[in-house]
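**Q** Dropping a prediction and its sequence here:
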Amino acid sequence: MALEAATSAPIHIRPATTADAARISDLVSSLASEFITHEFTDEGRERLLSFMTPAAIEILIETGYRYFVAEAGSELAGVVATRDDKHLYHLFVATKFQRQGLARRLWQVAGAACFASSGATEFTVNASRFAVAAYERLGFVCVGEPKETAGVVSVPMKHSSSSAEGHCETPIARGVSACESA
Ligand SMILES: CC(C)(COP(=O)(O)OP(=O)(O)OC[C@H]1O[C@@H](n2cnc3c(N)ncnc32)[C@H](O)[C@@H]1OP(=O)(O)O)[C@@H](O)C(=O)NCCC(=O)NCCS
């Protein structure tokens, strides 16, 4: 799977393994700190980041969260993860690769994998407020007001195949957010 990014070499998307856990952790932690956690309480910030450590990501991969990574050469450009073929858990794109269609591509790959696995066509996500507009462009709709759980703020959203062309989600029901904290 490949696409061209305006700022770099072709981007390849592949399934992640536990060997990718540290790089995924670095990417999602730095993006969460830059775009998401500024509106959290200290407790919420610590909580979210505690679910983004290399060890936490490794456990998620080992326990069946389906991760894909997007790479431009050796550089990690983005990551997507789904849980149980029905929840978009992580969707993060490195700053220099944003607004070039990579999140849409990652979402399409993740959704297709869920559909191939179980026929899934409906997804949830606990979106960061920052990402709501992007998720709406991907076909998600808000299904509730922003809420705070243990200091983590998220917006519940849903997607069905009839509402657009992708699939994702985030876990806030478990104290996590699309930016999730599991
Ligand atoms: C949200 C995020 C994943 C989007 O990644 P991206 O690669 O820039 O998204 P894309 O380029 O694929 O854009 C998809 C659509 O969303 C729109 N979009 C993307 N970022 C947007 C923004 N900040 N505001 C409004 N619309 C946005 C794009 O215009 C595009 O719509 P279009 O195809 O109809 O024109 C990325 O900004 C990110 O990682 N943010 C920080 C982490 C985060 O908040 N992740 C979500 C956790 S819940």
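**A** Looks like it arrived, so ask away.

**Q** mind listing what's buried in the longest helix seen in the chain?
**A** The single longest helix within the chain, with elements called by DSSP state H, is helix 102-118. Going by neighbour count (16 or more other C-beta atoms under 10 Å), the buried part of helix 102-118 is 102-111, 113-114. Where you see a C-beta, it was placed from the backbone N, CA and C, and this is true even at glycine.

**Q** Out of the residues you listed, which is nearest to Arg14?
**A** Distance to Arg14 across the buried residues of helix 102-118 (C-beta to C-beta) is lowest for Val109, with 9.3 Å.

**Q** Quick check: the closest one touching Pro15?
**A** No - if you go by C-beta atoms under 8 Å, Val109 and Pro15 don't touch, sitting 9.3 Å apart.

**Q** helices or strands next to the longest helix of the chain in the packing?
**A** With contacts taken as 3 or more C-beta pairs under 8 Å, 6 or more residues apart in numbering; DSSP states H and E, helix 102-118 sits against strand 11-15, strand 66-72, strand 75-83, strand 87-93.

**Q** again, only this time at 10 Å
**A** strand 2-3, strand 11-15, strand 66-72, strand 75-83, strand 87-93, strand 122-127, helix 132-137 (3 or more C-beta pairs under 10 Å, 6 or more residues apart in numbering; DSSP states H and E).

**Q** would you turn the buried residues of helix 102-118 into JSON lines with pLDDT and distance to the ligand?
**A** Output for these, formatted as JSON lines (pLDDT from 0 to 100; distance: C-beta to the nearest ligand atom, whole Å):
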{"residue": "Leu102", "pLDDT": "98", "distance to the ligand": "4"}
{"residue": "Ala103", "pLDDT": "98", "distance to the ligand": "3"}
{"residue": "Arg104", "pLDDT": "98", "distance to the ligand": "4"}
{"residue": "Arg105", "pLDDT": "98", "distance to the ligand": "7"}
{"residue": "Leu106", "pLDDT": "98", "distance to the ligand": "8"}
{"residue": "Trp107", "pLDDT": "98", "distance to the ligand": "8"}
{"residue": "Gln108", "pLDDT": "97", "distance to the ligand": "10"}
{"residue": "Val109", "pLDDT": "98", "distance to the ligand": "12"}
{"residue": "Ala110", "pLDDT": "98", "distance to the ligand": "12"}
{"residue": "Gly111", "pLDDT": "97", "distance to the ligand": "13"}
{"residue": "Ala113", "pLDDT": "97", "distance to the ligand": "17"}
{"residue": "Cys114", "pLDDT": "97", "distance to the ligand": "17"}
